[in-house]
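Asks: one predicted model, sequence on top.
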Amino acid sequence: MAKTVLKVTNLSASYRKNTVLDNVNFQIEEGSLTGIVGPNGAGKSTLIKTLLHLHPSLTGKIDFYGLPFKKAKRVIGYVPQRGSVDWDFPTNALDVVVMGLYGQIGWLKRPSRAHRKLAYEALEKMDMAPYADRQISQLSGGQQQRVFLARALVQDAEFYFMDEPLAGVDATTEKAIMAILKELKDEGKTVMVVHHDLQTVTDYFDHVLFLNRTVKEHGLTDSVFTKENIMKTYGGKMQRIVEGGSHVVHSN
């Protein structure tokens, strides 16, 4: 039986006075690759931020490996939305990746040659080693996303959260990122990804979590990625979903 590595119970959160998450409950199994899907404004990014204590919760309990986040955070990696990052900050790609090691190095200590070697190897894994000395503002959107993924990889975490890592990237970068995520899964790591393209869900994820303020459905993609659950989650916002959809979803 698969080990539960994240248990969320009765989680609620708001922005100002607007409830964004309401009574969210789910469990995540070790070694799973889960896509979080739902319409714009459904609370997908807020869910990740609340789980990682980057946004306050109103109610609820969050357990990672049976522990509160603060005691488990060393084994958790996070890739935020690219649009939330100040890419004009004067630093190069290698230094961005080194930042992923500050939990090990300590903020007031200088990274060693061994730390920089680990960071360089993470860039190599994302085919970004030739850009190690390039200012991040000079990188394309896809290259920036690869650097941020390298920063998460260098942490060698057990559980990764990624907020729309495929948004606005080219097809080659999307393929490279998904290859890395599946490699992490094969290594027994656990990955949760905010995802916006319903047409690729069945190809990319073995689990799917439908979210619209609360969890509408969650489970194995083969079982729960159905037209009925998409309708339940997206409601009237179905216009962009391919008509017919036999190659996208199946019916119960």
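Replies: Sure, I can see it.
Asks: element containing the closest residue to residue 33 other than its chain neighbours, please.
Replies: Spatial nearest neighbour of residue 33, chain neighbours left out: residue 185 (4.4 Å); criterion: CB to CB, 6 or more residues apart in numbering. Bear in mind the C-beta positions are built from the backbone N, C-alpha and C, glycine included. Element membership of residue 185 [criterion: DSSP states H and E] is helix 171-186.
Asks: sorry, back to before: quick one: the residue nearest to residue 33 and residue 204, what's the gap?
Replies: 11 Å (CB to CB, to the nearest Å).
Asks: what's the distance between residue 46 and residue 214?
Replies: 12 Å.
Asks: more neighbours: the two, which one.
Replies: residue 46 (21 against 17; other CB atoms under 10 Å).
Asks: I figured that one hits residue 20, correct?
Replies: Yes - counting by CB atoms under 8 Å, residue 46 does reach residue 20; the two are 4.8 Å apart.
Asks: what touches both of these two?
Replies: Common neighbours of residue 46 and residue 20 are listed as residue 13 (criterion: CB atoms under 8 Å, 6 or more residues apart in numbering).
Asks: ranges for the helices of the stretch 51-200 of the chain?
Replies: 69-72, 93-98, 102-105, 113-125, 141-153, 171-186 (DSSP state H, counting those that start in this stretch).
Asks: tell me how far residue 127 lies from residue 150.
Replies: In terms of CB to CB, residue 127 sits 10 Å off from residue 150.
Asks: please apply the same query to residue 158.
Replies: 18 Å.
Asks: the two: which has the busier surroundings?
Replies: Higher neighbour count among residue 158 and residue 150: residue 150, with 28 against 20, using other CB under 10 Å.
Asks: would you check that the more buried one makes contact with residue 120?
Replies: No - with contact defined as CB under 8 Å, residue 150 does not count as touching residue 120 (9.4 Å).
Asks: shared neighbours of those two, which are they?
Replies: Joint contacts of residue 150 and residue 120 (CB under 8 Å, 6+ apart) are residue 97.
Asks: list the buried residues of stretch 169-182.
Replies: 169, 173, 174, 176, 177, 178, 180, 181 (16 or more other CB atoms under 10 Å).
Asks: who's in contact with the second one?
Replies: Just to be clear, that refers to residue 173. Residue 173 touches 142, 143, 145, 146, counting by CB under 8 Å, 6+ apart.
Asks: now do the third one
Replies: Residues in contact with residue 174, defined by CB under 8 Å, 6+ apart, are residue 166.
Asks: distance of residue 131 relative to residue 92?
Replies: On the measure of CB to CB, residue 131 and residue 92 end up 8 Å apart.
Asks: again, but for residue 21
Replies: For residue 21, the distance to residue 92 - CB to CB - is 37 Å.
Asks: next one: residue 222
Replies: Per CB to CB, residue 222 is found 43 Å from residue 92.
Asks: and the strands in the chain?
Replies: 4-15, 18-29, 33-37, 59-64, 76-79, 159-163, 190-194, 207-212, 214-220 (DSSP state E).
Asks: is it possible to get those out as TSV so that each row also shows mean pLDDT and distance to residue 232?
Replies: Formatted as TSV, the strands of the chain follow (pLDDT from 0 to 100; distance: least, CB to CB, whole Å):
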stretch	mean pLDDT	distance to residue 232
strand 4-15	96	20
strand 18-29	96	15
strand 33-37	98	12
strand 59-64	96	22
strand 76-79	90	28
strand 159-163	95	23
strand 190-194	97	19
strand 207-212	98	7
strand 214-220	97	5
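Asks: wait, which of those strands is closest to residue 97?
Replies: Nearest to residue 97, of all the strands of the chain, is strand 76-79, at 12.0 Å by CB to CB.
Asks: packing partners for the closest one?
Replies: Contacts defined by 3 or more CB pairs under 8 Å, 6 or more residues apart in numbering; DSSP states H and E place strand 76-79 against helix 141-153, strand 159-163.
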